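Visitor: I'd like to go over a predicted model; first the sequence, then the structure.
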Amino acid sequence: MWRSIGIFLVGGVLGVGFGTALGFFLFPYVFPPPPAMEQITEVERTQVVANGSFSHANPNDPIHYGKGKVTVYEGTVFLEPDFEVGLGPDFHVYLVPKEQMRGEAEVSDTMFVDLGKLRSFRGSQKYAIPGGVDLKNYPSVVIWCQQFDVLISPADLTFTGN
């Protein structure tokens, strides 16, 4: 009888632990946040530094994808209204000092600038660039999953003549 009670308790603890972990992982898939709707002011629009488009880093990976445009203004990275990435946990927006980012090792081996946690999986959103960052030294913006060290979507920037 004591053996049955022990097996029941161990199974209950493992079941609760596994169920909680699975719930944390599946939460963004089941309850995705609404699209972001942030806007850029007219003053910010006159200070365009660079433009780019997000791409699918690994076409063999159907889960981790990204698309849409990004515009870099003096002091702000703006993900345009057509921005979208696949769902997942702990996504961040990075400025990366390498061109043509296509692999995880390329991002993790560099001195990137973390602009903050991605606020929504789609829609327009803006991220402040810390003072003292020379944007000419950062030709890529990437969406990165910190929890699993996965490159979700890179955007190669084309700098304007300003």
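Guide: In hand now; what should we look at?
Visitor: look through the protein and tell me its longest helix.
Guide: Across the chain, the helix with the greatest residue count (assigned by DSSP state H) is helix 2-30.
Visitor: any idea of the mean pLDDT for that helix?
Guide: For helix 2-30, the mean pLDDT works out to 83.
Visitor: quick check, I129 in contact with D114.
Guide: No: when contacts are counted by C-beta atoms under 8 Å, I129 is not listed as touching D114 (11.1 Å). C-beta: built from backbone N, CA, C; applies to glycine.
Visitor: higher neighbour count, these two?
Guide: I129 (19 against 13; other C-beta atoms under 10 Å).
Visitor: which pLDDT does the model give N162?
Guide: Checking the pLDDT column for N162, the value is 57.
Visitor: show me what E84 is bridged to.
Guide: Under the criterion DSSP bridges, E84 forms beta bridges with K67, R122.
Visitor: what about it, how many residues nearby?
Guide: Residues lying near E84 (other C-beta under 10 Å) number 17.
Visitor: and the pLDDT for it?
Guide: With respect to pLDDT, E84 scores 94.
Visitor: I'd like the distance between it and N58.
Guide: Counting by C-beta to C-beta, to the nearest Å, the gap from E84 to N58 is 17 Å.
Visitor: could you do F112 as well?
Guide: With distances defined as C-beta to C-beta, the gap from F112 to N58 amounts to 19 Å.
Visitor: okay, these two: which has more neighbours?
Guide: Residue environment comparison for F112 versus N58 gives the larger neighbour count to F112, 21 against 16, counting by other C-beta under 10 Å.
Visitor: I'd guessed the more buried one sits against Y94; true?
Guide: Yes: judged on C-beta under 8 Å, F112 makes contact with Y94 at a distance of 4.3 Å.
Visitor: report all helices and strands that the lengthiest strand in the chain contacts.
Guide: Looking only at the chain and at elements set by DSSP state E, the strand with the highest residue count is strand 150-159. Secondary-structure packing of strand 150-159 (3 or more C-beta pairs under 8 Å, 6 or more residues apart in numbering; DSSP states H and E): strand 48-54, strand 66-73, helix 104-108, strand 140-145.
Visitor: tell me the mean pLDDT for the very next helix or strand once past the third one?
Guide: Proceeding N to C from helix 104-108, the next assigned helix or strand is strand 113-117, under DSSP states H and E. Confidence for strand 113-117, expressed as mean pLDDT, is 96.
Visitor: okay then, goodbye and thanks.
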